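A.B. asks: 3D, please:
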Amino acid sequence: MLTLPSVLQNTIRLYGGKPAISDAAGDLTWAEYGASIQRAAGMLQGLGIAQGQRFGIVARNCYHQGELIYGGYWSGRIPVPINYRLAPGEIAQILNDADCRYLAIDPAFAALLDAPEMAGWRERAFAMGPQSAETGLDDYVALRDAASPLDPVHAEEHDDALMLYTGGTTGAGKGVRISNRNIVANALQIMQVMSPHGNDVYLHSTPMFHAAEVKSTIFTMFGASHCYLPEFTPRDFLATIERHKATVAGLVPTTLLRVLDEPGFDNFDVSSLRLISYGTSPILPAVVRRAAKAFPGTGFQQCYGLTECSPYLAMLDEEAHERGLNGEEHLLCSAGRPVPGVDLRILDEDGNEVPTGEVGEVVVRGPQVSHGYHNRPIEHEAAFRDGMFHTGDVGRLDEDGFLYLLDRKRDMIITGGENVYTREVEEVLGRHSGVKEVSVIGVPDTDYGEALFAAIVPSADWQPSVDELIEHCRPLMGGYKIPRRMAFVEELPKSAMGKVLKQDLRETYAKQPLEQEIAS
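C.D. replies: Numbers count the residues shown, from 1 in each chain. Okay, here's the model as predicted:
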């Protein structure tokens, strides 16, 4: 059966003597870690959380969080990891929407419990992490160790196992119900591309409240080891790889850029790293080339996914990256091919499948696609219909089955009656060596309805002029696609996972006078 209790039982039974956790506080074998997971499960039961009920987690990455999530899987209690960068009112909204019965909170964020919006949660919270005693809350480790081990529940494949909230770029985040089958199926789907093995050390370098972390399940299935980066800094990322001999790590384009820009990069031994998996937002081919030079013995994979798909739909594997770095650069702009078992189609506005190479919405179905949204019937019906999940992404498939993402439907620009996909424009601008990062939006225009606007982070050693960038674009795309208004900025507004917040850019630049050609 595709259930998480069975996955954990198998790993503990087959790999009990192998390392499970590599941590500064001490290492654990799978047998030792399994015993803690069973006590964590017993603790959840002892707190009065019933099977099928939910509990919240607001914490930085740590192995205790992984242990508690696995304790939820083991016992049929549903973890709800929450973005700790949210405001108290936003966290309270998620806790209440999910009907969480208890909250595990990192002592670093315990002050959130004093906010008026979090009234009543201090009595239903325990601290998980260093300095727990200073919070006045019960300590997770003490509660766990006092609990009796719990036998694994009998779970069905379609039972909910996890709830994650989307980033909320179009409003309040939506709770996504993710089942046992969703998680295990996606682990099996990505197995061939990730090539996990028992000697791997997987570094949890992206926040554990994000769907990207669900892929760690495949390393648990193979009895590999886990290590954790509490908060991302380039130096800590590199130091953790060196200290724990990490072999696989996940990054987003923004954090990858920060690692490449780290002045002390060459002081760290990262030779153990065999694979960097990146995704969540577009990446410029120039960044991939820089990364390949900086990590010469490391393979790269691009992962395209959504929370609703647990999370991956398509992957650009190491072989495609090699091709892209050796003459077929267009592949570095691709999201890869659909993973096995995914029915991925490109549909027009009327729901008809378009011919190969034509543009439409990416629509999918497969065993990893979620049950749907919690408490959001209108949004659920809009996204999950006709047996398919409508991603809201605009893309095309080429004759070799590679997927190219062009935009979010809501971000497409219509200028003078022509559709312009911002990712295409961003990729062309990004080919200029004076452009480090770029994001393109539409702003109101009295003549064309919308005009293209580019916010650009210039390279450290060169800021090109607007005229220079326009001339760079002319031979590469139609004139109506070239932004005439540009801003040179120190950084782009981003979410916790490094996604550019285009709505913030619109709010900043859409109201500027139309005659202003350049904002700097």
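
A.B. asks: pLDDT weak spots in the chain?
C.D. replies: 1, 168-172, 511-520 (pLDDT under 70).

A.B. asks: most centrally placed residue in it?
C.D. replies: Ala212 (3.9 Å; Cα atoms, centre = their mean).

A.B. asks: that one: what's its closest spatial neighbour, skipping adjacent residues?
C.D. replies: Thr206 (4.9 Å; Cβ to Cβ, 6 or more residues apart in numbering). Heads up, the C-betas are built off the backbone N, CA and C, glycines and all.

A.B. asks: how about that neighbour, phi and psi?
C.D. replies: Main-chain torsions, Thr206, degrees, to the nearest 10: phi -100, psi 150.

A.B. asks: next up, the contacts around it.
C.D. replies: Going by Cβ atoms under 8 Å, 6 or more residues apart in numbering, Thr206 touches 212-213, 232, 250-252, 497.

A.B. asks: quick one: contacts for Glu134?
C.D. replies: Here Glu134 is in contact with Pro107 (Cβ under 8 Å, 6+ apart).

A.B. asks: mind checking the SS state of it?
C.D. replies: Three-state assignment for Glu134 (DSSP: H, G, I helix; E, B strand; the rest coil): helix.

A.B. asks: tell me how far it lies from Gly327.
C.D. replies: Applying Cβ to Cβ, to the nearest Å, the value for Glu134 to Gly327 is 58 Å.

A.B. asks: Ala292 too?
C.D. replies: For Ala292 relative to Gly327 (Cβ to Cβ), the value is 14 Å.

A.B. asks: those two: which has the busier surroundings?
C.D. replies: A count of neighbours by other Cβ atoms under 10 Å puts Ala292 above the other of Ala292 and Gly327, at 18 against 8.

A.B. asks: for the helix or strand harbouring that one, packing partners?
C.D. replies: Following DSSP states H and E, the helix or strand that holds Ala292 is helix 285-294. If contacts are counted by 3 or more Cβ pairs under 8 Å, 6 or more residues apart in numbering; DSSP states H and E, helix 285-294 sits against helix 253-260, strand 299-305, helix 318-325, helix 422-430.

A.B. asks: enumerate the positions of the longest helix along the chain that are buried.
C.D. replies: Using DSSP state H to define each element, the chain has its longest helix at helix 30-46. Neighbour-count burial for helix 30-46, counted by 16 or more other Cβ atoms under 10 Å, picks out 30, 32-34, 36-45.

A.B. asks: returning to that earlier point: okay if I get the helices and strands packed on helix 285-294 as a markdown table plus mean neighbour count and distance to Leu4?
C.D. replies: Shown next, in a markdown table, are the helices and strands packed on helix 285-294 (neighbours: other Cβ atoms under 10 Å; distance: least, Cβ to Cβ, whole Å):
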| stretch | mean neighbour count | distance to Leu4 |
| --- | --- | --- |
| helix 253-260 | 21 | 28 |
| strand 299-305 | 23 | 19 |
| helix 318-325 | 17 | 28 |
| helix 422-430 | 22 | 35 |
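
A.B. asks: indicate which one of these is closest to Met412.
C.D. replies: Closest to Met412 of these, according to Cβ to Cβ: helix 422-430, at 7.4 Å.

A.B. asks: which strands or helices does the following helix or strand past that closest one pack on?
C.D. replies: The first helix or strand that comes after helix 422-430 along the chain, using DSSP H and E, is strand 435-445. Using 3+ Cβ pairs under 8 Å, 6+ apart, the elements in contact with strand 435-445 are helix 253-260, strand 413-415, helix 422-430, strand 449-458, helix 502-509.

A.B. asks: let's see it at 6 Å
C.D. replies: Contacts defined by 3 or more Cβ pairs under 6 Å, 6 or more residues apart in numbering; DSSP states H and E place strand 435-445 against helix 422-430, strand 449-458, helix 502-509.

A.B. asks: go through the ones you listed and name the closest to Leu469.
C.D. replies: With Cβ to Cβ as the yardstick, what comes closest out of the helices and strands packed on strand 435-445 is helix 422-430 (6.4 Å).

A.B. asks: show me where the stretch 51-200 of the chain has helices.
C.D. replies: Using DSSP state H, counting those that start in this stretch, the helices of the stretch 51-200 of the chain run over 63-75, 88-97, 140-146, 180-189, 191-194.

A.B. asks: off-centre distance for the longest one?
C.D. replies: Centroid displacement of helix 63-75 relative to its chain, using Cα atoms, centre = their mean, to the nearest Å, is 20 Å.

A.B. asks: re the thing from before, dump the helices and strands packed on helix 285-294 to JSON lines, plus distance to Gly129.
C.D. replies: Formatted as JSON lines, the helices and strands packed on helix 285-294 follow (distance: least, Cβ to Cβ, whole Å):
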{"stretch": "helix 253-260", "distance to Gly129": "22"}
{"stretch": "strand 299-305", "distance to Gly129": "28"}
{"stretch": "helix 318-325", "distance to Gly129": "36"}
{"stretch": "helix 422-430", "distance to Gly129": "39"}
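
A.B. asks: out of those, which is closest to Lys502?
C.D. replies: Among the helices and strands packed on helix 285-294, the nearest to Lys502 by Cβ to Cβ is helix 422-430 (8.0 Å).

A.B. asks: by how many degrees do that closest one and strand 435-445 diverge?
C.D. replies: If you take axes from the mean of the first three to the mean of the last three Cα atoms, to 10 degrees, helix 422-430 sits at 130 degrees to strand 435-445.

A.B. asks: and helix 422-430, what other elements does it pack with?
C.D. replies: Against helix 422-430 (3+ Cβ pairs under 6 Å, 6+ apart) you get strand 403-408, strand 435-445.

A.B. asks: pull up the pairing partners for the longest one, direction included.
C.D. replies: Okay, so that is strand 435-445. Applying DSSP bridges, strand 435-445 is found paired with strand 449-458 (antiparallel).

A.B. asks: now the strand it pairs with - C-alpha only, CSV.
C.D. replies: Extracted in CSV, the C-alpha atoms of strand 449-458 (Å, rounded to 0.1, in the frame of the first residue of the first chain):
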residue,chain,number,x,y,z
GLY,A,449,-3.9,49.1,-22.6
GLU,A,450,-0.8,47.7,-20.9
ALA,A,451,2.9,48.5,-21.4
LEU,A,452,5.8,46.3,-20.5
PHE,A,453,7.9,47.3,-17.5
ALA,A,454,11.2,45.6,-16.5
ALA,A,455,12.6,45.8,-13.0
ILE,A,456,16.3,44.9,-13.2
VAL,A,457,19.0,44.0,-10.7
PRO,A,458,22.2,44.9,-12.6
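
A.B. asks: and Asn375, how many neighbours?
C.D. replies: Neighbours of Asn375 under the rule other Cβ under 10 Å: 11.

A.B. asks: got phi/psi on it?
C.D. replies: Backbone torsions of Asn375, given as degrees, to the nearest 10, read phi 60, psi 20.

A.B. asks: domains in this protein, as residue ranges please.
C.D. replies: 4-394, 412-519 (automatic domain parsing).

A.B. asks: how far out from the middle of the chain is the shortest one?
C.D. replies: On the basis of Cα atoms, centre = their mean, domain 412-519 is displaced by 25 Å from the centre of the chain it belongs to.

A.B. asks: just to revisit the earlier point, Gly366: which of the helices and strands packed on helix 285-294 is closest?
C.D. replies: strand 299-305 (11.5 Å).

A.B. asks: may I have the following helix or strand past that closest one exported as PDB, CA atoms only?
C.D. replies: Downstream of strand 299-305, the next assigned helix or strand under DSSP H and E is strand 312-316. Coordinates of the C-alpha atoms in strand 312-316 are reproduced here as PDB (Å, rounded to 0.1, in the frame of the first residue of the first chain):
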ATOM      1  CA  TYR A 312       6.400  17.600  -8.700                       C
ATOM      2  CA  LEU A 313       5.000  17.400 -12.200                       C
ATOM      3  CA  ALA A 314       8.100  17.600 -14.400                       C
ATOM      4  CA  MET A 315      11.800  17.500 -14.000                       C
ATOM      5  CA  LEU A 316      14.800  18.600 -16.100                       C
END
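
A.B. asks: all good on my end, thank you.
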